[in-house]
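# coords please:
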Amino acid sequence: MKKNWFEVDAAGLRQQLEGRRGIAALLLELLQNALDEDGVTTIEMVLTATPGKPEATFSVEDDSPNGFRDMSDAYTLFAPSYKKGEATKRGRFNVGEKLVLALCEEAVLTSTRGTVIFDRDGRRQTNAVRALGTKVVCRLRMTHADTAELDRLIGTVLIPPTCKARVTYNGAPLLARTPVAVLEGTLPTELAGADGVIRRSTRKTKVYVYEPRAGEAPTVYEMGLPVVEVEGKFHLDVGQKVPVNLERDNVPPSYLRALRVLTLNALHGKLEKDDFTAAWVADAVEDKRVEVAAVQSYLTAKHGADRVAVDVMDPDATRRAQAAGAVVVYGRSESPNVWEKAREGALIPPASARFGTKLESLDRAVSEDEWTVGIRNIAAYAKALAAAVLGLDLAVEVVDNPEASMSACYGHGHLKFNVGTLGASWFDRGPVVAVNDLLIHEFGHEFSGDHLSSAYYAALTNLGAKVVDLAIRRPEFFEPFWPA
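Numbers count the residues shown, from 1 in each chain. Next up, the predicted model:
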């Protein structure tokens with residue numbers, strides 16, 4: 001046995017504790033102990049300031065049927081705690097009372113198995129007992145600021161819906177608040193195994209969601225007791241052990257993200273537009289566990305309902321979308337995880353799906369058997385002109401789609417005329433200016449799909465020059481296509 005290996009400098013420990021957690025937060029350790037006891041119906045906290053001195057007496061009394069199971073727990077650091085194997089008990093380190101003792105000038109702990117007195121003469125134990133429960137009385141240095149902070153902190157305590165005890169502070173009951181939502185999810189926790197070693201595990205639990213009162217910062221709670229203030233919109237009270245550091249004043253970033261994801265998945269429909277710009281939402285949508293419906297609400301708040309994704313294969317569709325007032329979402333404006341969820345739920349259609357200029361956007365083909373003489377003539381002219389100025393064997397198709405906005409479209413040596421918008425008479429005039437204008441426009445897409453690119457501009461001027469050269473050098477080229 002490694003007895004008496006260590007000594008603790010109480011004054012040094014006090015300095016560390018006051019600097020890191022503060023007196024008020026540490027005194028809540030006594031409330032935590034009382035709340036963890038089985039069968040408690042009443043918990044009374046009393047703070048009495050000493051007149052004229054920076055000093056106060058703080059007491060916590062409960063009526064647990066059991067009281068302290070082992071009085072040595074009152075002064076033994078890190079002794080095995082029966083609570084560490086129970087997920088719905090807050091204690092696990094058996095260190096809380098000892099941290100409070102480091103703050104005290106004097107303290108008396110009385111329970112069902114005896115009394116332990118701590119004063120300037122040291123520690124001693126008596127046989128004085130209580131019939132029920134435990135009472136801890138602490139005299140300690142406290143300034144007005146310390147007592148005000150304890151008042152504030154106790155005011156933030158959330159009495160869990162599962163708590164059956166009446167809790168009072170200076171005679172006034174701590175009233176339960178009504179949660180705005182109760183979530184269920186599987187979250188990390190800390191539990192001891194058969195060997196007594198505390199290990200991380202996961203367990204299904206409830207999370208009670210509360211609106212912070214005026215002046216309160218959103219906080220992560222462990223069964224009603226505040227752990228750490230966080231950026232967010234709500235108080236999140238977890239109904240089981242929360243993974244915390246030894247000081248019990250922080251949680252791992254991965255745990256905080258798990259809480260945020262759970263909250264966003266459940267409450268995205270209740271958030272205001274501005275809420276989606278918060279850092280906690282940005283953190284949650286980066287997680288694989290975020291649901292498609294939550295990402296949809298996020299995207300709608302950020303980009304609006306009328307949104308499309310930029311389509312690099314169809315720049316004109318993107319420009320049409322912008323002209324129509326749709327919001328174009330570019331690749332770098334969202335993270336890979338958001339894009340993955342967007343694709344999974346079809347949350348951001350490509351611009352071409354609504355404003356496309358691709359060949360597939362013109363359907364309802366007209367059989368060649370139904371082509372008029374004028375259509376056959378212009379189709380033959382288009383093929384001959386493509387061979388002359390592009391050097392390719394053009395495929396020509398005719399469709400009849402009056403709902404489409406396009407008169408024609410071209411891609412990869414394939415030209416479609418839309419008789420539904422051009423009208424049949426358009427084809428009856430031969431290779432007039434309007435026909436050449438349309439063909440030069442479409443043939444330009446052999447070189448670029450972007451109407452505003454320099455490549456497309458150069459293609460148009462080059463094609464126009466070639467048609468002029470063809471007309472000068474070979475005027476007979478056009479003769480066969482003029483109506484008789």
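# now the residue nearest to Leu415 when sequence neighbours are not counted, what's its secondary structure?
Distances taken as CB to CB, 6 or more residues apart in numbering put Val396 closest to Leu415, at 5.3 Å, once the chain neighbours are dropped. Glycine gets a C-beta too; all of them are placed from N, C-alpha and C. Under DSSP: H, G, I helix; E, B strand; the rest coil, Val396 falls in the strand class.
# Now do Val396: how many residues are near it, please.
By the criterion of other CB atoms under 10 Å, Val396 has 19 neighbours.
# What residues of whatever helix or strand Cys138 lives in count as buried?
Per DSSP states H and E, Cys138 falls inside strand 135-141. Residues 135-141 are the ones in strand 135-141 that count as buried (16 or more other CB atoms under 10 Å).
# hang on, Asp316 is in a strand, isn't it?
No - applying three-state DSSP, one finds Asp316 to be helix, outside a strand.
# hang on, the earlier thing: tell me which of the buried residues of strand 135-141 is nearest to Ala102?
Using CB to CB, Leu140 comes nearest to Ala102 of the buried residues of strand 135-141, at 9.7 Å.
# I'd say the closest one and Pro54 touch.
No - counting by CB atoms under 8 Å, Leu140 sits too far from Pro54 to count as a contact (10.0 Å).
# pLDDT wise, what is the residue nearest to Leu415 at?
Looking at Val396, its pLDDT stands at 95.
# list the contacts for it?
Contacts for Val396 (CB atoms under 8 Å, 6 or more residues apart in numbering) come out as 379, 382-383, 415-417.
# And for Thr41?
Here Thr41 is in contact with 63, 164-166 (criterion: CB under 8 Å, 6+ apart).
# From Glu222, how far out is the residue nearest to Leu150 when sequence neighbours are not counted?
Nearest residue to Leu150 in three dimensions, chain neighbours excluded: Ala24, at 4.0 Å (CB to CB, 6+ apart). Distance of Ala24 to Glu222, computed by CB to CB, to the nearest Å: 17 Å.
# quick one: contacts of stretch 307-325?
Under CB under 8 Å, 6+ apart, the answer for stretch 307-325 is 299-300, 306, 326-331, 342, 348-358, 449-453.
# Can you flag which of those residues belong to strands?
Within the contacts of stretch 307-325, residues falling in strands by DSSP state E are 327-329.
# Going by neighbour count, which of those residues comes out on top?
Neighbour-wise, those (other CB under 10 Å) top out at Val329, 22 neighbours.
# Is it correct that it is in contact with Ile348?
Yes - the criterion here is CB under 8 Å, and Val329 meets it with Ile348 at 5.4 Å.
# which residues are in contact with both of those two?
Common neighbours of Val329 and Ile348, counting by CB under 8 Å, 6+ apart, are 299, 303, 307-309.
# Which residue in the contacts of Thr41 has the weakest pLDDT?
Lys164 (87).
# Assign a three-state SS to it, would you?
Lys164 ends up coil, using three-state DSSP.
# Near it, how many other residues are there?
10.
# For it, give its distance to Pro483.
Distance from Lys164 to Pro483, by CB to CB: 97 Å.
# who are the neighbours in contact with Ala408?
Contacts here follow CB under 8 Å, 6+ apart; on that basis Ala408 touches 415-418, 422, 438, 442.
# What of Leu187?
Per CB under 8 Å, 6+ apart, neighbours of Leu187: 202-203, 205, 207, 238, 240, 255, 258-259, 262.
# ok, which stretches of this structure are helices?
For the chain, the helices defined by DSSP state H occupy 10-20, 23-36, 96-103, 144-155, 253-267, 279-284, 292-303, 315-323, 336-345, 351-355, 373-389, 419-422, 433-443, 454-473.
# any chance of the ones you listed in JSON lines, plus distance to Arg120?
Formatted as JSON lines, the helices of the chain follow (distance: least, CB to CB, whole Å):
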{"stretch": "helix 10-20", "distance to Arg120": "11"}
{"stretch": "helix 23-36", "distance to Arg120": "20"}
{"stretch": "helix 96-103", "distance to Arg120": "13"}
{"stretch": "helix 144-155", "distance to Arg120": "21"}
{"stretch": "helix 253-267", "distance to Arg120": "42"}
{"stretch": "helix 279-284", "distance to Arg120": "48"}
{"stretch": "helix 292-303", "distance to Arg120": "59"}
{"stretch": "helix 315-323", "distance to Arg120": "79"}
{"stretch": "helix 336-345", "distance to Arg120": "60"}
{"stretch": "helix 351-355", "distance to Arg120": "79"}
{"stretch": "helix 373-389", "distance to Arg120": "105"}
{"stretch": "helix 419-422", "distance to Arg120": "99"}
{"stretch": "helix 433-443", "distance to Arg120": "98"}
{"stretch": "helix 454-473", "distance to Arg120": "89"}
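# Would you state the strands of the stretch 101-250 of the chain in chain order?
Assigned by DSSP state E, counting those that start in this stretch, the stretch 101-250 of the chain shows strands spanning 104-111, 114-119, 122-126, 135-141, 166-169, 172-173, 181-192, 198-210, 219-222, 225-229, 235-238.
# Same list (those strands) but as CSV, adding distance to Ala266.
Formatted as CSV, the strands of the stretch 101-250 of the chain follow (distance: least, CB to CB, whole Å):
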stretch, distance to Ala266
strand 104-111, 42
strand 114-119, 46
strand 122-126, 49
strand 135-141, 39
strand 166-169, 28
strand 172-173, 30
strand 181-192, 5
strand 198-210, 8
strand 219-222, 16
strand 225-229, 20
strand 235-238, 11
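# right, so the ones you listed: which one is the most enclosed?
strand 235-238 (a mean of 25; mean count of other CB atoms under 10 Å).
# tell me what that strand is packed against?
strand 198-210, strand 219-222, helix 253-267 (3 or more CB pairs under 8 Å, 6 or more residues apart in numbering; DSSP states H and E).
# do that again at 7 Å, thanks
Counting contacts by 3 or more CB pairs under 7 Å, 6 or more residues apart in numbering; DSSP states H and E, strand 235-238 packs against strand 198-210, strand 219-222.
# And the ones you listed, which one averages the lowest pLDDT?
Mean pLDDT is lowest for strand 198-210 among those, at a mean of 87.
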